[in-house]
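A.B. asks: Return atomic coordinates for the entry below.
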Amino acid sequence: MVRIIKIAGVLILLGLVLVGSFCSLRLAGERSNEKEFVGNVSQKEIGEFTFSLKPISSEKMFIINYGDTLSNDTRETVLKEYDEFLCYVFEIDIKGFDGSISEYDILGKSSDYEKKNKYYLFDMQRDIKLTNAKGGEIPCSIFFQEQLNHIISSNRFIIGFRCRHAGDMILEYDNPYLNCGKVNIALDNKINT
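C.D. replies: Residues are numbered from 1 along each chain as shown. Just a heads-up that it's a prediction; the model follows:
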């Protein structure tokens, strides 16, 4: 019995060390945002919502997806592919709300958590696209929600579009759960230069 308690204590201590290390890395990354993003951050405020679009390099996209798990040859191949994309961190902040966006309900309008969670994990991608003044559209080709295992609430999404330059493009996003209408964010045309 004493041995089981000692083992449990060691496992709990190890877990706390890992969580602390993860949080330290995460916070260190947030303190060095100027290194994390390339180009200017674009924002749009609508009521209590702030939508931010932060351009990231192909190198940062690689690190987010693979860390250091691939060989140098494979790394170069993947980076060459990522160079064909404009990639961003798309963040949705809700004033006065610190939880996951899947848990957010508009006052007087309650939605099914499971439906919202599925939307933010998978279906949201189809509601994000780039458009230009000539009516051209580029669909979102890379999409995933940043997962932090409930350690830190995150409403960050990694998105990518198969095009090389932002030009006069506008990110268009229409969220069925936030009741804020269509969100249009002009892209900085100096991204990835």
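
A.B. asks: if I pick the residue nearest to the spatial centre of the chain, what's in contact with it?
C.D. replies: Nearest to the mean C-alpha position of the chain, counting by CA atoms, centre = their mean, stands F157 at 2.1 Å. With contact set as CB atoms under 8 Å, 6 or more residues apart in numbering, F157 has these partners: 89-92, 120, 124, 143-146. To be clear about C-beta, it is placed using only N, CA and C from the backbone, and glycine gets the same treatment.

A.B. asks: please redo it, this time with the cut-off set to 6 Å
C.D. replies: F157 makes contact with 90, 145 under the criterion CB atoms under 6 Å, 6 or more residues apart in numbering.

A.B. asks: count of residues packed around T50?
C.D. replies: The local packing of T50 (other CB atoms under 10 Å) involves 14 other residues.

A.B. asks: For the strand or helix carrying it, which strands pair with it and how are they oriented?
C.D. replies: In the assignment (DSSP states H and E), T50 maps to strand 49-56. Under the criterion DSSP bridges, strand 49-56 sits next to strand 42-46 (antiparallel), strand 86-94 (antiparallel) in its sheet.

A.B. asks: Using neighbour counts, pick out the buried residues of that strand.
C.D. replies: 49, 51-56 (16 or more other CB atoms under 10 Å).

A.B. asks: Give me the distance between that strand and the centre of its chain.
C.D. replies: 9 Å (CA atoms, centre = their mean, to the nearest Å).

A.B. asks: just to revisit the earlier point, between the buried residues of strand 49-56, which is nearest Q43?
C.D. replies: S52 (5.0 Å; CB to CB).

A.B. asks: measure the closest one to G99 for me?
C.D. replies: As for S52, its distance to G99 is 18 Å (criterion: CB to CB, to the nearest Å).

A.B. asks: can you tell me the helix or strand for T77?
C.D. replies: In this structure, T77 sits in helix 72-82 according to DSSP H and E.

A.B. asks: elements contacting that helix?
C.D. replies: helix 58-66 (3 or more CB pairs under 6 Å, 6 or more residues apart in numbering; DSSP states H and E).

A.B. asks: circling back to that earlier point, surely the residue nearest to the centre of the chain is within a helix?
C.D. replies: No: per DSSP: H, G, I helix; E, B strand; the rest coil, F157 lies outside any helix segment and is strand.

A.B. asks: Look up the residues forming beta bridges with it.
C.D. replies: F90, Q145.

A.B. asks: Now do it against T50, distance only.
C.D. replies: Taking CB to CB as the measure, F157 falls 14 Å from T50.

A.B. asks: R164 too?
C.D. replies: According to CB to CB, R164 stands 28 Å off from T50.
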